[in-house]
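Peer 1: Based on what follows, work out the 3D shape:
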Amino acid sequence: MAVLEKITEINDVLKDVFKFTQSNEEVKADFTEYLATIGSKNVSLNQMEKIFLPYVFERKLNDKFILELYKEQASNKELVDNLLNAQASIFEIKKILKNGFELYNLINEKTYKVLSLTKMTNFRGIYSGQYIVGRIFKDTDDYFIVEITNVLSHSQKREAYRFAVMKLIHNPQMLYYDHPEKEAEIKLAIDEMYGKFIKAFGKDIILTTNKHADEIIGAFNEGEEIDLSDKGSNIKNYKFFHVRELENNYANFLENSMGGFASHHEEYDVAVIFDKEKGLYAIPFYETFCQIFENKDSVENAKQCIEYFLANDSIPNTILERVSTKYPNFMDVINELLGETYTFDVLLKKFKSEYYKNKMYSSATVLFCSNAFSEVFDFMTEEKPQTAKIPQNQKIGRNAPCPCGSGKKYKNCCGKGI
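Peer 2: Alright, predicted model coming up:
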């Protein structure tokens, strides 16, 4: 099929998807509610067509994406499947092409040539060097750009990379999605790091507290020796509670990661675990979780702790498997506290299904292998030059090192503009 015919086919399907959001009574009611939620209740038809794309890609109704519901009655199911596998990411524009773009995906570190579904004249004001938040998908052998939701200037590089890392923390698999070479790199890193972890500590788990977890992880990352004799947990009264610093929303995730576990004033237990398959994890309240199966009545907020371990996407299925192997009463206690009758298999399928649908590695390991995270970490740790007072009668050569200690020439630093 010629490219123009393929573009026509894709646009026809997208138009049909939009009609579906207006003709299916259940979806139409949900779409109307969605418009009200985002403050776009009274919009024109043209504006509504732009809003519906993120709706059909990201909104779920009865545990199914809107596109999945559309697929049930679609004639071109293969194309809908391809749309369902679209990548929503942030891209640097490398080149403006005659019929599309050459884009570098900041998250999975892969360059794509993507075709536009509309005339390139619709992208006036978009240039090479800018960053776009958008969605691309592959159909047959070609990639197409189906949506652009935001454009950042070249001067907003920090914000672009910050956004990339935020997406990566919430969806670590995005680093290696559609990039098998990157996944191979991650697997190799896990193998090497696992061997180093066992050599350094003689075991794959260290029980400590939030006061020492950062130091232990940092020492391991730097290959330094560390004495663990005074860094045990020693928790006497097991209690689960909310820790604000563990939240990873866009506004605070970098600041929290820089502050680490120790930034929370109250002490709680943390397990530093190296999973041979998935990488390095730091699991808050791991000992508290285990104590529930020793004596559930001795743990304050035991039910909330169980719910945290089940609902938290950053805690993998292998952690639950580890604890369930240690405690034969694992399911009995969980079912009693939750008032359910789950089997272990049903529990994993309900709460950890993503770990079976996708190959998922730990966020810490993924970030270790991410160029975007390295960029952002450099931004965050750049030392601000100390301003030094320069005597008024002291003359400094324009090409001499700046007295402030920045390492720059005087003319490019404190003497700039003089």
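Peer 1: Tell me which stretches of the stretch 101-250 of the chain form strands.
Peer 2: 110-116, 131-139, 142-152, 205-209 (DSSP state E, counting those that start in this stretch).
Peer 1: so what strands line up beside the third one?
Peer 2: Okay, so that is strand 142-152. strand 110-116 (parallel), strand 131-139 (antiparallel) (DSSP bridges).
Peer 1: what's in contact with the longest one?
Peer 2: Spelled out, that is strand 131-139. The contact list for strand 131-139, computed with Cβ atoms under 8 Å, 6 or more residues apart in numbering, reads 6, 10, 53, 57, 79, 82-83, 85-93, 103, 106, 112, 114, 126, 143-154, 156-157, 160, 163, 178. (Each C-beta comes from the backbone N, C-alpha and C, glycine too.)
Peer 1: If you average pLDDT per helix and strand, which one of the protein comes out bottom?
Peer 2: When the helices and strands of the chain are scored by mean pLDDT, DSSP states H and E, helix 253-259 comes last with a mean of 48.
Peer 1: What's the first helix or strand after that helix?
Peer 2: strand 269-275 (DSSP states H and E).
Peer 1: what is the rounded mean pLDDT of that next one?
Peer 2: Mean pLDDT, strand 269-275: 94.
Peer 1: quick one: buried residues of that strand?
Peer 2: By 16 or more other Cβ atoms under 10 Å, the buried positions in strand 269-275 come out as 269, 270, 271, 272, 273, 274, 275.
Peer 1: now stretch 145-161, how far from the centre of its chain.
Peer 2: Here stretch 145-161 is found 17 Å from its chain centre; the criterion is Cα atoms, centre = their mean, to the nearest Å.
Peer 1: let's have the chain start at 504 instead
Peer 2: Happy to do that; since the first residue is 504 now, the last one works out to stretch 648-664.
Peer 1: Now do the buried residues in that stretch.
Peer 2: Neighbour-count burial for stretch 648-664 [16+ other Cβ under 10 Å]: 648, 649, 650, 651, 654, 655, 660, 663, 664.
Peer 1: Same question for stretch 610-619.
Peer 2: Of the residues in stretch 610-619, 610, 611, 612, 613, 615, 617, 618, 619 count as buried by neighbour count, 16+ other Cβ under 10 Å.
Peer 1: Can you name the two of the residues you listed that sit furthest apart?
Peer 2: 612 and 619 (23.0 Å; Cβ to Cβ).
Peer 1: mind listing the helices in the stretch 804-921 of the chain by residue range?
Peer 2: 805-814, 820-829, 833-841, 847-854, 857-860, 866-871, 874-884 (DSSP state H, counting those that start in this stretch).
Peer 1: likewise the stretch 504-653 of the chain?
Peer 2: Using DSSP H, counting those that start in this stretch, helices in the stretch 504-653 of the chain cover 506-526, 528-540, 548-561, 569-574, 580-587.
Peer 1: hmm, back to that, so which of the helices of the stretch 804-921 of the chain is nearest residue 691?
Peer 2: So among the helices of the stretch 804-921 of the chain, helix 866-871 is nearest, using Cβ to Cβ, at 11.2 Å.
Peer 1: Which residues outside the closest one are in contact with it?
Peer 2: Contacts for helix 866-871 (Cβ under 8 Å, 6+ apart): 668, 671-672, 675, 678-679, 689, 692-693, 696, 720, 724, 781-785, 817, 876.
Peer 1: Would you check that residue 665 makes contact with residue 880?
Peer 2: No - using Cβ atoms under 8 Å, residue 665 is not in contact with residue 880; the gap is 10.9 Å.
Peer 1: who's more crowded, these two?
Peer 2: It is residue 665, of residue 665 and residue 880, that has more neighbours when counted by other Cβ atoms under 10 Å, with 20 against 17.
Peer 1: Return the residues in contact with residue 722.
Peer 2: Residue 722 neighbours (Cβ under 8 Å, 6+ apart): 728, 729.
Peer 1: who does residue 564 bridge with?
Peer 2: Counting by DSSP bridges, the residues bridging with residue 564 are residue 567.
Peer 1: follow-up on the earlier one: among the helices of the stretch 804-921 of the chain, which is the most enclosed?
Peer 2: Mean neighbours per residue, mean count of other Cβ atoms under 10 Å, is largest over the helices of the stretch 804-921 of the chain for helix 866-871, with a mean of 21.
Peer 1: Restricting to C-alpha, output it in CSV.
Peer 2: What follows is helix 866-871, C-alpha atoms only, in CSV (Å, rounded to 0.1, in the frame of the first residue of the first chain):
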residue,chain,number,x,y,z
SER,A,866,13.0,2.0,38.4
ALA,A,867,16.5,2.3,40.1
THR,A,868,18.1,0.0,37.6
VAL,A,869,16.3,1.6,34.6
LEU,A,870,17.4,5.1,35.8
PHE,A,871,20.9,3.9,36.2
